[in-house]
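Colleague: Fold the following and give me the result.
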Amino acid sequence: MIVVLKTTALFVVTALAEIVGCYLVFRWLRNDGPMWLAAPAMASLAVFAWLLTLHPGAAGRTYAAYGAVYVASALLWLWWVEGQRPTTTDLIGAGLAVTGMMIMVAGRPAV
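Modeller: Numbering: from 1, shown residues only. Here you go, the predicted model:
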């Protein structure tokens, strides 16, 4: 159970690093933000890539399972940071992704 909690926490931190990095690039390029946003964006995306290397197990399975956490985290970001409430279909899609991840994690071979 401890391994599951640690892995989940690592997934959440990884998603946050990716979302922050991508959001800063979005703010810089799409919303005419200041150019200095590129530096923390690159740093955040570098941390994201490093965090992916800390996950146990096969890379492909880890990335697939991480994708579901990213989807759910991105919707929380949409709501909390961008002030847009997720739609019913957003929530259904995220629920399906997380359910798929749980199936993958439950059936994964021992590391």
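Colleague: Give the next helix or strand downstream of the helix or strand hosting G21.
Modeller: When elements are assigned from DSSP states H and E, G21 belongs to helix 2-29. Note on helix 2-29: by DSSP H and E, the next helix or strand toward the C-terminus is helix 38-53.
Colleague: returning to that earlier point: please state the offset of the helix holding G21 from the chain centre?
Modeller: Taking Cα atoms, centre = their mean, to the nearest Å, one finds helix 2-29 lying 4 Å from the centre of the chain it belongs to.
Colleague: Which elements pack onto it?
Modeller: helix 38-53, helix 59-80 (3 or more Cβ pairs under 8 Å, 6 or more residues apart in numbering; DSSP states H and E). To be clear about C-beta, it is placed using only N, CA and C from the backbone, and glycine gets the same treatment.
Colleague: can you pull the buried residues of it?
Modeller: For helix 2-29, the neighbour count (16 or more other Cβ atoms under 10 Å) marks 7, 10-25, 28 as buried.
Colleague: deepest of the helices and strands packed on helix 2-29, which one?
Modeller: helix 59-80 (a mean of 17; mean count of other Cβ atoms under 10 Å).
Colleague: ok, residues contacting it?
Modeller: Contacts of helix 59-80 with the rest of the structure, by Cβ atoms under 8 Å, 6 or more residues apart in numbering, involve 8, 11-12, 14-16, 18-19, 23, 52, 55-56, 84-86, 90-91, 93-94, 97-98, 100-101, 104-105, 108.
Colleague: ditto for stretch 29-39
Modeller: 24-25, 27-28.
Colleague: Mind telling me the two of those farthest from one another?
Modeller: V25 and R27 (7.4 Å; Cβ to Cβ).
Colleague: Chain neighbours aside, what residue packs nearest to Q84?
Modeller: Closest residue in space to Q84, ignoring its immediate chain neighbours: L78 at 5.2 Å, by Cβ to Cβ, 6 or more residues apart in numbering.
Colleague: and that neighbour, how far is that from A58?
Modeller: Look at L78 and A58: by Cβ to Cβ, to the nearest Å, they are 30 Å apart.
Colleague: and I92, how many residues sit next to it?
Modeller: Neighbours of I92 under the rule other Cβ atoms under 10 Å: 11.
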